[in-house]
Structure formats: structure tokens, C-alpha cells
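# Just the structure for this:
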Amino acid sequence: MKTKTLIFLLFAVAASVFATKEFSSQSQNDPWTTQQLLAPADLANTLKNPKSPQPIVFSIGMQAVIKGSIDIGPVMEKDNLDQLKQKLDKLPKNSNIVVYCGCCPFSRCPNVRPAMALLKTMQFTNYKLLNLPQNVKVDWIDKGYPVSE
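Reported below is the predicted structural model:
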């Protein structure tokens with residue numbers, strides 16, 4: 001009985017270590033930090049408050065759903081990534097920038113990584129990724145946050 005318990009515990013520890021390594025290696029591949037993830041409620045509150053400094057919000061997915069966002073289109077396409085770069089070239093490096101896609105979960109999104117990598121490469125200092133872990137419908141629209149008309 002002790003042998004079975006010991007084997008089970010060793011297996012459980014090994015599985016935990018493997019899962020932690022997998023999670024951390026995926027996180028290291030993402031061109032953003034957890035501090036750069038912006039909660040949807042925080043952006044919604046900012047957009048609703050006209051006295052608040054308003055960020056420049058870029059939609060880097062299929063359509064600009066969030067009120068006031070600038071529609072770039074899917075930046076997995078080179079032309080759209082180039083368009084984002086052209087818009088960013090006109091901005092000061094300390095501009096308050098938010099990007100979002102929302103097509104699918106972050107782990108599968110083909111748009112958030114190129115956009116965040118571009119902002120980093122261009123040495124912007126105040127940019128965030130809107131934290132839409134599921135998609136823009138679930139994490140923004142269904143919560144009643146401001147949408148484009």
C-alpha cells in the first residue's frame with residue numbers, strides 16, 4: 001500500500017512540475033506582462049467618464065466593437081499590421097494605448113501577439129492589452145460595456 005501511495009505522490013508531483021513548466025514557457029512567449037493586461041471594467045469606466053484621460057483604443061481584430069476604437073483590422077495580415085505601424089508612427093512614445101481583438105481566447109488569437117510585439121519593438125511605454133480571455137462578446141458586449149453604434 002505504501003508503494004502505491006508513494007508512486008501516486010511521485011506522479012502527482014511530476015505532473016505538477018510539468019504543468020508549471022508548460023504554463024510558464026507559454027507565458028514567456030507572450031509579448032506582454034500581466035501588468036499590461038487591462039481589465040474590461042477599468043476601460044469601460046474610463047470610457048464612460050469624460051473627465052478621465054481617454055486612451056487611444058485600437059481594434060486589431062475583425063471589427064471595432066468598442067465605442068471610440070479605431071478599426072485596424074486583423075493584424076495577422078501584413079497590410080493591417082503596417083497600417084497599425086503607420087498610425088503608431090504619428091504618436092508620442094508615451095501615448096496611452098489600448099489594443100484588443102476579442103476574436104477568440106488569447107491562447108489561440110493570431111492578432112494580439114503581433115500588435116503587442118510591434119508596440120514593444122517601437123518602444124512605446126504606456127500600452128495595454130485589453131484582457132478579453134474568452135472573446136469580445138462574452139468579456140465586453142454581454143457585460144453592457146460601451147459599444148460602437
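# ranges for the strands of the chain?
Ranges of strands in the chain, per DSSP state E, are 37-38, 56-59, 70-71, 97-100, 127-130.
# okay, now the domains of this protein?
1-30, 33-143 (automatic domain parsing).
# just these: most buried one?
Stretch with highest mean neighbour count among these: domain 33-143 (a mean of 17; mean count of other C-beta atoms under 10 Å). For glycine as for every other residue, the C-beta is placed from the backbone atoms N, C-alpha and C.
# And that one, end to end?
With C-alpha to C-alpha, to the nearest Å as the measure, the first residue of domain 33-143 is 25 Å from its last.
# So which residue is smack in the middle of the chain?
Nearest residue to the geometric centre of the chain (C-alpha atoms, centre = their mean): residue 129, 3.7 Å.
# Isn't it up against residue 35?
No - between residue 129 and residue 35 there is no contact under C-beta atoms under 8 Å: 10.5 Å.
# What distance do you get for the closest residue to residue 81 other than its chain neighbours to residue 145?
Spatial nearest neighbour of residue 81, chain neighbours left out: residue 75 (4.4 Å); criterion: C-beta to C-beta, 6 or more residues apart in numbering. Shown here: residue 75 relative to residue 145, a distance of 22 Å by C-beta to C-beta, to the nearest Å.
# Tell me who's in contact with the nearest residue to residue 59 once chain neighbours are set aside.
Among residues not flanking residue 59 along the chain, residue 69 sits closest, at 4.5 Å (C-beta to C-beta, 6+ apart). Residues near residue 69 by C-beta atoms under 8 Å, 6 or more residues apart in numbering: 57-59, 100, 148.
# now do residue 149
residue 67.
# Check residue 91 too.
Applying C-beta under 8 Å, 6+ apart, the residues contacting residue 91 are 56, 97, 124.
# Understood, closing this out.
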